[in-house]
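> Requesting a structural model of the entry that follows:
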Amino acid sequence: MKTLTHGLLRELGHITVLWSEIEQRIILHTSAMAAQETGGWPREYLRMDFKRLREKWFGETRKRFSKAVVDKVINPLNMELAEASNWRGYFLHGVWNADPKGGFVLSWWEQKTDLKRYEMRLKIEDVLTFRLALENLMAQLCELT
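This is a model prediction of the structure:
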């Protein structure tokens, strides 16, 4: 099997850092919104998986933003974050191998009832596209906070 390229490893590093920034921005935004109900004290327990954190953030934003902003900005952003979270899991927790035919093979195991192996073939352009999508999500979060 061929080794992974520096380009792929660099993009995966970018994705890792961007995702950390996205999570931290959501934690800070959620904490700030929730603290409005506790006299400014950060009291919410926000150390949780991303799905629950995103749902908590979404609930807090729905309480504090107008229906027009929720419908136009928050709902689409929440759905994009949910979808990106799945891809992020595959990209960062899957196993990458060079594909002899070109590109890469990304594989991962999941068990809901039975243990199943999944794989997909990707090009470096696919990884770059995901990184750019995360940059866009980060920019949208920055506009809200």
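
> so what's the residue nearest the centre of the chain closest to, chain neighbours aside?
Nearest residue to the geometric centre of the chain (Cα atoms, centre = their mean): S85, 3.7 Å. Of all residues beyond its chain neighbours, the one nearest S85 is F50 (5.3 Å), with distances taken as Cβ to Cβ, 6 or more residues apart in numbering. To be clear about C-beta, it is placed using only N, CA and C from the backbone, and glycine gets the same treatment.

> Please apply the same query to V95.
In space, and not counting its chain neighbours, V95 is closest to S107: 5.2 Å by Cβ to Cβ, 6+ apart.

> mind listing what that neighbour touches?
S107 is in contact with 94-95, 97, 117-120, counting by Cβ atoms under 8 Å, 6 or more residues apart in numbering.

> Buried ones only from those residues, please, as a PyMOL command.
Of the contacts of S107, the buried ones can be selected in PyMOL as follows, counting by 16 or more other Cβ atoms under 10 Å:
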select buried, resi 94
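
> mind checking how far Q24 is from A34?
Going from Q24 to A34 by Cβ to Cβ, to the nearest Å gives 16 Å.

> So for these two, which residue has more residues nearby?
More neighbours surround A34 than the other of Q24 and A34, with 20 against 11 (other Cβ atoms under 10 Å).

> doesn't G59 make contact with that one?
No - judged on Cβ atoms under 8 Å, A34 makes no contact with G59 at a distance of 9.6 Å.

> Could you list the low-pLDDT ranges of this protein?
Scanning the chain with the threshold set as pLDDT under 70 gives 1-2, 36-45.

> the helices in it, which residues?
6-35, 50-64, 67-69, 75-93, 124-144 (DSSP state H).

> wait, which of the ones you listed is closest to G103?
The closest of these to G103 is helix 124-144. By Cβ to Cβ, the value is 7.2 Å.

> Name the nearest residue to L46, sequence neighbours excluded.
I27 (5.2 Å).
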